[in-house]
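1. One predicted model, sequence on top.
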Amino acid sequence: DVKSDQPENSSDDWDGIVSPKLGLVLGPWAETELYLNGGLGFHSNDARGITIAIDPNTGEKTNPVDPLVQIRGAEIGIRSQAVPDLTARAGYRKRNWEVSVDILNLLDRDNNDIEYYYESQLRGEPAAVSDVHLHPAEPRTVRASVTYRW
C-alpha cells in the first residue's frame, strides 16, 4: 500500500514472477571443474513508482513503472584445487595464514546503485525539499586481506 499526499498517487498493487535457474558442472579433471550457470531473476521497483499517476514536480500525468522487471544472468568459470594451497578466492592459504585480494567494481562503472525521489528535511533547514536522493556505486576498490586462523 502506498499512501501519498496526492490521492492520485495512492494505491496498492502486487506482482509475481518466475525466475528459473540452471547450473552445470563438468569435471573433475586434475581437481578442476568447469561450471556454467544461467537463469532469470528480477529487480523490484520502488512502490511509489508503481502507483504514481501524477508527477509531484510538474503536476503532469506520468506512467507508472512495472513492479518487477525480469533480468537475465549467466556466468562461466573454473574452480580449481590443482595448485596446492590456492583457494576459490584470489588468494593463497598456507597452514593458518591466508592472503587474498578482492577487486570491487572492476570496470569502475560511474553509476548509482539506487535513486529515489522523496521529500526530506535536514536539521536546521526551514522546509522540506523534494529531490532525487541516491546511493552512488562504489568506485573501483582493491581490498587486500591477511587472515590468521588459530
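-> Ah, there it is.
2. list the buried ones in the helix or strand bottoming out on mean pLDDT in the chain?
-> Lowest mean confidence among the helices and strands of the chain (mean pLDDT, DSSP states H and E): strand 91-94, at a mean of 75. Buried residues in strand 91-94, counting neighbours by 16 or more other CB atoms under 10 Å, are found at 91, 93. Bear in mind the C-beta positions are built from the backbone N, C-alpha and C, glycine included.
3. Counting by contacts, list what the next helix or strand after that strand packs against.
-> Going down the chain from strand 91-94, the next helix or strand is strand 97-104, by DSSP states H and E. Where contact means 3 or more CB pairs under 8 Å, 6 or more residues apart in numbering; DSSP states H and E, strand 97-104 is packed against strand 91-94, strand 141-148.
4. Please, which helix or strand holds the residue nearest the centre of the chain?
-> The residue lying closest to the centre of the chain (CA atoms, centre = their mean) is residue 113, at 7.1 Å. Element membership for residue 113, per DSSP H and E: strand 112-120.
5. buried set for that strand?
-> Buried residues in strand 112-120, counting neighbours by 16+ other CB under 10 Å, are found at residue 117.
6. Run me through the strand neighbours of it, direction for each.
-> The pairing partners recorded for strand 112-120 under DSSP bridges are strand 129-136 (antiparallel).
7. quick one on the thing from earlier: I'd like to know which of the helices and strands packed on strand 97-104 lies nearest to residue 69.
-> strand 141-148 (27.5 Å; CB to CB).
8. where in this protein is pLDDT low?
-> Scanning the chain for pLDDT under 70 picks out 81-90, 105-109.
9. can you give me the helices in it?
-> 47-51 (DSSP state H).
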